[in-house]
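*Asks:* Predicted coordinates and the sequence they were generated for:
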Amino acid sequence: MSRDIADRVQDTPRQFERALDLGCHDGRLARILSETGRVKDIDAGDLSPAMVAAAQAGGTEARILDEETPALPEDRYDLVVSALSLHWVNDLPGTLVRLRQGLKPDGLFLGALFGAGTLSELRECLMEAETELSGGVSPRLSPLPGLKDMADLMQRAGFALPVADRDTVVVRYRDPARLLADLKGMGEQNALAPGMIRPLPRAVLDRALSLYRERHADPDGRVRASFEIVHVSGWAPAPGQPQPLRPGSARVSLAEAVRRQGQSGK
């Protein structure tokens, strides 16, 4: 994801004076951006002191910064990036507004976060196993935003020319238990508050893993795990930016355009 965001920065025909990497993890996105030569100075921040220490050890200037309520000076940055951190934010609309306010006019925000299609196989198997053995379902995985959710939130936050797209990354494991170990190692366990989740009985977990092996295995026996990545981009409003046409102002209907295209192809 870090390299993908860096590629998107390079696809933008401009130089950036000061950038912010929000939720910088170990600082790899900031380092990759520095290597592109497109960003002069980069601030990096993460809520985790251990991550900040890891970023600093790798040569990135980083500080503790709460992604939930980042205290950013207005009009400071001309680029803000965030890789796989914002799905942990409780008040995502509020955070997006703060990021837009921290951008200079015509500054760019690029973010990537896990979307609603992430771990669909695991969600399905856990829900079926728990319904079958317990007669009910408790949330076992964090709720995640969908593509349309993020497009709407970017618009509500006041970004100009907002765009949202998604990509699916499929990772294969020799056993679904290895997937669970990876999720724990990533720190991507359930983000819901304690008390909202019932303990997961061992019998339910065993049944879920059995269903996973039955339904989501490839011919070589490895199982698939899908991670949906939602990418968002938007600009801080500024005079002179391109503006979308007013609804109803089109002079040719879509049906007419399709008809003409069909005729030209004959």
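*Replies:* Here it is on my side, so go on. Because the structure is predicted, anything quoted here is derived from the model rather than measured.
*Asks:* For Glu121, which phi and psi angles does the backbone take?
*Replies:* Note on Glu121: its backbone torsions stand at phi -60, psi -40 [degrees, to the nearest 10].
*Asks:* wouldn't it be in contact with Glu214 here?
*Replies:* No - counting by C-beta atoms under 8 Å, Glu121 sits too far from Glu214 to count as a contact (11.2 Å). For glycine as for every other residue, the C-beta is placed from the backbone atoms N, C-alpha and C.
*Asks:* any chance you could map the strands in this protein?
*Replies:* Listed in chain order, the strands found in the chain under DSSP state E are 16-22, 39-46, 62-64, 77-83, 103-114, 160-173, 223-235.
*Asks:* For those, could you give me TSV that also reports distance to Leu183, mean pLDDT and mean neighbour count?
*Replies:* What follows is the strands of the chain, written out as TSV (distance: least, C-beta to C-beta, whole Å; pLDDT from 0 to 100; neighbours: other C-beta atoms under 10 Å):
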stretch	distance to Leu183	mean pLDDT	mean neighbour count
strand 16-22	22	95	23
strand 39-46	19	94	21
strand 62-64	25	93	16
strand 77-83	18	96	25
strand 103-114	11	95	22
strand 160-173	11	95	15
strand 223-235	9	96	21
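*Asks:* Out of those strands, which is closest to Ser2?
*Replies:* Among the strands of the chain, the nearest to Ser2 by C-beta to C-beta is strand 77-83 (5.3 Å).
*Asks:* which residues touch the closest one?
*Replies:* Strand 77-83 is contacted by residues 1-2, 5, 9, 16-23, 25, 29, 33, 39, 43, 67, 99, 102-104, 106-113 when judged by C-beta atoms under 8 Å, 6 or more residues apart in numbering.
*Asks:* from the chain's centre, how far out does it sit?
*Replies:* Centroid separation for strand 77-83 versus its chain: 13 Å, with C-alpha atoms, centre = their mean, to the nearest Å.
*Asks:* Report the contact partners of the closest residue to Val169 other than its chain neighbours.
*Replies:* Closest residue to Val169 apart from its sequence neighbours, by C-beta to C-beta, 6 or more residues apart in numbering: Phe227 at 4.6 Å. Shown in contact with Phe227 (C-beta under 8 Å, 6+ apart): 114, 118-119, 168-171.
*Asks:* related to what we said a few turns ago, just send the strands of the chain back as TSV, with distance to Asn90 too.
*Replies:* Converted to TSV, the strands of the chain look like this (distance: least, C-beta to C-beta, whole Å):
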stretch	distance to Asn90
strand 16-22	15
strand 39-46	17
strand 62-64	18
strand 77-83	15
strand 103-114	13
strand 160-173	20
strand 223-235	17
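*Asks:* Looking at the ones you listed, spot the one closest to Glu130.
*Replies:* Using C-beta to C-beta, these put strand 223-235 closest to Glu130, at 19.0 Å.
*Asks:* Which parts of the stretch 1-150 of the chain are helices?
*Replies:* Taking DSSP state H, counting those that start in this stretch, the helices of the stretch 1-150 of the chain run over residues 2-10, 28-36, 49-57, 92-102, 120-134, 147-156.
*Asks:* Kindly report the same for the stretch 151-266 of the chain.
*Replies:* Per DSSP H, counting those that start in this stretch, the stretch 151-266 of the chain carries helices over the ranges 176-186, 202-215, 254-264.
*Asks:* How about the nearest residue to Pro49 once chain neighbours are set aside: which residues does it bridge to?
*Replies:* Excluding its sequence neighbours, the residue lying closest to Pro49 (C-beta to C-beta, 6+ apart) is Ile64, at 6.0 Å. Legend: beta-bridge partners of Ile64 under DSSP bridges are Asp46.
*Asks:* and Ile64, what does it touch?
*Replies:* With contact set as C-beta under 8 Å, 6+ apart, Ile64 has these partners: 45-47, 49, 52.
*Asks:* try 10 Å this time
*Replies:* Ile64 is in contact with 45-49, 51-53, counting by C-beta atoms under 10 Å, 6 or more residues apart in numbering.
*Asks:* what does Pro105 give?
*Replies:* Pro105 makes contacts with 75, 78, 160, 235-241, as judged by C-beta under 10 Å, 6+ apart.
*Asks:* how much space between the closest residue to Ala116 other than its chain neighbours and Leu96?
*Replies:* Once flanking residues are discounted, Ala116 sits nearest to Gly146: 4.1 Å by C-beta to C-beta, 6+ apart. Going from Gly146 to Leu96 by C-beta to C-beta, to the nearest Å gives 16 Å.
*Asks:* Good, we can wrap up now.
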